[in-house]
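Enquirer: sequence first, predicted coordinates after that:
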Amino acid sequence: MKSLALDRSAWDLVLDASGNIAVVTEPYAVAQDVACACRLFNNELWYDKNKGIPYDSEIVGHRPPVNLLIRHMESAARAVPLVAEAKVVISGDASRKVAGSIEITDVNNVKSRVTF
């Protein structure tokens, strides 16, 4: 599996040494695709409105239980091709900032971690 490489800070396309759009392969591609799936707002993907997390309607501007966010993120991660299992760990603080990680196991039993 290949995916277009994204810059880790700007989350934008990256060029390779030849000036072409860079690509990444497994297992990094799987982890990057999970990160994209968990950043996707519901109804944002124009060719599949069923994908995405309902940030607008259930999370942003609300006080959702942490388990709700975990459930949505794990579901989005598991929908990524080649992902066999996903486990989300979330921590927060008094400033209402959310941080955590997603532990991914792919179908080849390779483990990866995405942090947010």
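Expert: Nice, I can see it. Numbers count the residues shown, from 1 in each chain.
Enquirer: what stretches of the chain score poorly on pLDDT?
Expert: Where the chain drops to pLDDT under 70, the residues are 93-94.
Enquirer: and the residue nearest to the spatial centre of it, how far from Ser18?
Expert: Note on the chain: the residue nearest the mean C-alpha position is Ala35, at 2.1 Å, using Cα atoms, centre = their mean. Separation of Ala35 from Ser18 (Cβ to Cβ, to the nearest Å): 26 Å. Where C-beta positions appear, they are placed from N, C-alpha and C, glycine not excepted.
Enquirer: now the phi/psi pair for the residue nearest to the centre of the chain, please.
Expert: Recorded main-chain torsions at Ala35 are phi -60, psi -40, according to degrees, to the nearest 10.
Enquirer: make 835 the starting number, not 1.
Expert: All set: I'll call the first residue 835, so the last point we hit is now Ala869.
Enquirer: how about the nearest residue to it, chain neighbours excluded?
Expert: Ranked by Cβ to Cβ, 6 or more residues apart in numbering and with sequence neighbours excluded, the top spatial neighbour of Ala869 is Val948, at 4.8 Å.
Enquirer: doesn't that neighbour belong to a strand?
Expert: Yes. Counting by DSSP: H, G, I helix; E, B strand; the rest coil, Val948 is part of a strand.
Enquirer: thought it was touching Val868?
Expert: Yes. The criterion here is Cβ atoms under 8 Å, and Val948 meets it with Val868 at 5.5 Å.
Enquirer: ok, those two, which is more surrounded?
Expert: Neighbour tally, Val948 and Val868, criterion other Cβ atoms under 10 Å: the higher count belongs to Val868, 25 against 22.
Enquirer: my guess is the more buried one contacts Val914, does it?
Expert: Yes. Val868 lies in contact with Val914 (Cβ under 8 Å); the separation is 5.2 Å.
Enquirer: what residue of the protein is the furthest out?
Expert: For the chain, the largest distance from the centre (Cα atoms, centre = their mean) belongs to Ser852, which lies 28.2 Å off.
Enquirer: how about that residue, secondary structure?
Expert: Applying three-state DSSP: Ser852 is coil.
Enquirer: any idea where the strands of the protein begin and end?
Expert: Taking DSSP state E, the strands of the chain run over residues 836-838, 857-859, 917-926, 932-940, 945-949.
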